[in-house]
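Engineer: need coordinates for the below:
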Amino acid sequence: MNAPVQDRPRTLVAGVGNIFLGDDGFGVETVRALTGGPLPDHVEVADIGIRGVHLAYRLLDGYDTLVLVDATARGGEPGTLYLIEPQPGGGSGAPADAVALDGHRMSPDAVLALLDALCAGTGAAAPRRVLVVGCEPACVEEGIGLSPQVAAAVPGAVRMITNLVHQTAPAPTGLT
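Structural biologist: Take a look at the predicted model:
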């Protein structure tokens with residue numbers, strides 16, 4: 001018999017970014033495209049946008065893996081996709097009480113630092129694995145819509161995420 005759904009490891013794919021700042025909307029656009037395809041039962045997809053505090057509190061619901069999808073400036077050609085696995089405890093380096101609670105300006109590492117503080121206060125557990133699927137932006141100035149290079153990278157990001165979540169699928173339990 002299979003384990004109850006709530007006992008299985010869960011994965012959250014969270015699209016973050018500001019759709020009013022051009023390519024910063026990459027994460028949001030990618031999770032919108034991702035919701036149209038078949039995903040394993042253990043995977044939830046969320047459009048977080050700029051609500052970093054919401055993401056931190058949502059993670060208290062218990063996820064084994066977090067896949068953040070975001071624009072990530074690393075110096076490559078616009079549209080370049082990156083898979084980044086931050087080191088445990090890497091965070092922002094800021095003490096938990098120094099994390100600004102401005103929900104419109106929380107970077108993913110600030111969210112993870114806040115999550116550490118929330119987990120310590122509630123007894124919840126942070127995700128064991130955090131992955132970032134990033135895309136090199138061409139423009140993050142005011143304006144709606146992705147640049148052509150970043151828009152062209154969205155299908156590749158969807159494939160990358162789909163492959164990742166199938167790799168994080170829980171092993172079947174019991175007899176089949």
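Engineer: pick out the residue nearest the middle of the protein.
Structural biologist: Using C-alpha atoms, centre = their mean, the residue of the chain that lies closest to the mean C-alpha position is residue 68, 1.5 Å off.
Engineer: pull up the pairing partners for the strand or helix carrying it, direction included.
Structural biologist: Taking DSSP states H and E as the definition, residue 68 sits inside strand 65-71. Strand 65-71 has the following strand partners under DSSP bridges: strand 11-16 (parallel), strand 129-135 (parallel).
Engineer: how about CSV for those strands, with distance to residue 155, mean neighbour count and mean pLDDT added?
Structural biologist: From N, CA and C alone the C-beta is placed, and that goes for glycine too. Compiled in CSV, the strands paired with strand 65-71 are given as follows (distance: least, C-beta to C-beta, whole Å; neighbours: other C-beta atoms under 10 Å; pLDDT from 0 to 100):
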stretch, distance to residue 155, mean neighbour count, mean pLDDT
strand 11-16, 15, 26, 92
strand 129-135, 12, 22, 91
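Engineer: least trustworthy helix or strand in this protein by mean pLDDT?
Structural biologist: Taking mean pLDDT, DSSP states H and E as the measure, the helix or strand of the chain with the lowest value is helix 108-122, at a mean of 69.
Engineer: and the residue lying closest to residue 49 once chain neighbours are set aside, how far from residue 163?
Structural biologist: Residue nearest to residue 49 in three dimensions, not counting chain neighbours: residue 28, with 5.7 Å by C-beta to C-beta, 6 or more residues apart in numbering. Distance of residue 28 to residue 163, given as C-beta to C-beta, to the nearest Å: 21 Å.
Engineer: check residue 119 too.
Structural biologist: 29 Å.
Engineer: comparing the two, which shows the higher neighbour count?
Structural biologist: residue 119 (16 against 11; other C-beta atoms under 10 Å).
Engineer: which residues are in contact with the strand holding residue 68?
Structural biologist: Contacts with strand 65-71, where a contact means C-beta atoms under 8 Å, 6 or more residues apart in numbering, come from 9-17, 23-27, 30-31, 59, 108, 127-137, 140, 150, 157, 161, 164-165, 168.
Engineer: cutoff 7 Å now
Structural biologist: 11-17, 23-24, 26-27, 30-31, 59, 108, 127, 129-135, 137, 140, 157, 161, 164, 168 (C-beta atoms under 7 Å, 6 or more residues apart in numbering).
Engineer: with stretch 143-161 instead?
Structural biologist: By C-beta under 7 Å, 6+ apart, the residues outside stretch 143-161 that reach it are 13, 19-20, 22-23, 25-26, 29-30, 33-34, 37, 67, 69, 78-79, 81, 83, 133, 135, 137-139.
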